[in-house]
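Asks: Sequence first, predicted model second:
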Amino acid sequence: MAASVGKTDPDLIKAFKELDTTSVSDALDRLGISGGLLGIKPIVPGVTMCGPAFTVHYVPCGVVKGTVGDFLDDVEPGQVVVIDNAGREYCTVWGDLMSLTASRKGVAGTVIDGVCRDISGIRELRYPIFTKGFYMVTGKDRVQVDAVNVPVAISGVLVKPGDIMLGDDTGVVVIPQEKAAEVLDVAREIAEKEEIIVREVKNGATLREARSRVGYHNLQTRRK
């Protein structure tokens, strides 16, 4: 049921926590990697999330019904729970009980290709969760866990166990574990150049001048 998960370099996690999703998205573009998760948005504004993925895959229940699972007991502190519920909006797979447990365990956050519920409780906890929305109808007897720590799809993008998930107010990006160091270098370069633009504009430069000095319009362009 579960595949082995490679250990993600904690220094990489620490470094990505210093960046935002927009710089990392531009870096992924330059490297030709699909990583932006369309439609995945924060439930709690102002919180961020970064950590290696612990993946969960759901399927619809059959005649013999399974359960929504107790996988959360197996998630390690600092990991991000990534749930592939195939974008289903007619039932939830996460609520305040899961958020409370995850918070107490030190789980870094949750990403769902689908919806969650118990929004007031989640916002009170300020637990970082990113979904396609919310809806109160339970997933019990409607969907069931069929695998954990296997490759899954979120908004049509592949997420493997151990891939780095980064979320902020703008959304969520996934950074493939095997490309993380390369993505980090490019994202840092882009972030630094955008900081230069900010400083120059504050010092009186026009936006055109400031952008031209760092090649702004091609920061995300693939190199030949």
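Replies: Yep, it's here. Numbering: from 1, shown residues only.
Asks: Using the three-state scheme, assign the residue sitting furthest away from the middle of the chain.
Replies: Largest separation from the mean C-alpha position in the chain: residue 204, at 36.7 Å (C-alpha atoms, centre = their mean). Under DSSP: H, G, I helix; E, B strand; the rest coil, residue 204 falls in the coil class.
Asks: And it, how close does it get to residue 210?
Replies: 10 Å (C-beta to C-beta, to the nearest Å). Quick note: C-beta positions are derived from backbone N, CA and C, even for glycine.
Asks: Remind me which helix or strand residue 189 belongs to.
Replies: Element membership for residue 189, per DSSP states H and E: helix 180-202.
Asks: Which strands or helices does that helix pack on?
Replies: The elements that helix 180-202 packs onto, with contact taken as 3 or more C-beta pairs under 8 Å, 6 or more residues apart in numbering; DSSP states H and E, are helix 10-16, helix 21-30, helix 207-214.
Asks: Determine which of those helices approaches residue 159 most closely.
Replies: helix 21-30 (13.4 Å; C-beta to C-beta).
Asks: What are the contacting residues of that closest one?
Replies: 16, 34-36, 166-168, 170-173, 175, 183-184, 186-191, 194, 219-223 (C-beta atoms under 8 Å, 6 or more residues apart in numbering).
Asks: again, only using 7 Å
Replies: 35-36, 166-168, 170-173, 175, 183, 186-187, 190-191, 219-223 (C-beta atoms under 7 Å, 6 or more residues apart in numbering).
Asks: Just the buried residues of the residues you listed.
Replies: 35-36, 166-168, 171-173, 175, 183, 186-187, 190-191, 219-220 (16 or more other C-beta atoms under 10 Å).
Asks: Next, give me the two most distant ones among the residues you listed.
Replies: 167 and 219, at 21.8 Å, using C-beta to C-beta across these.
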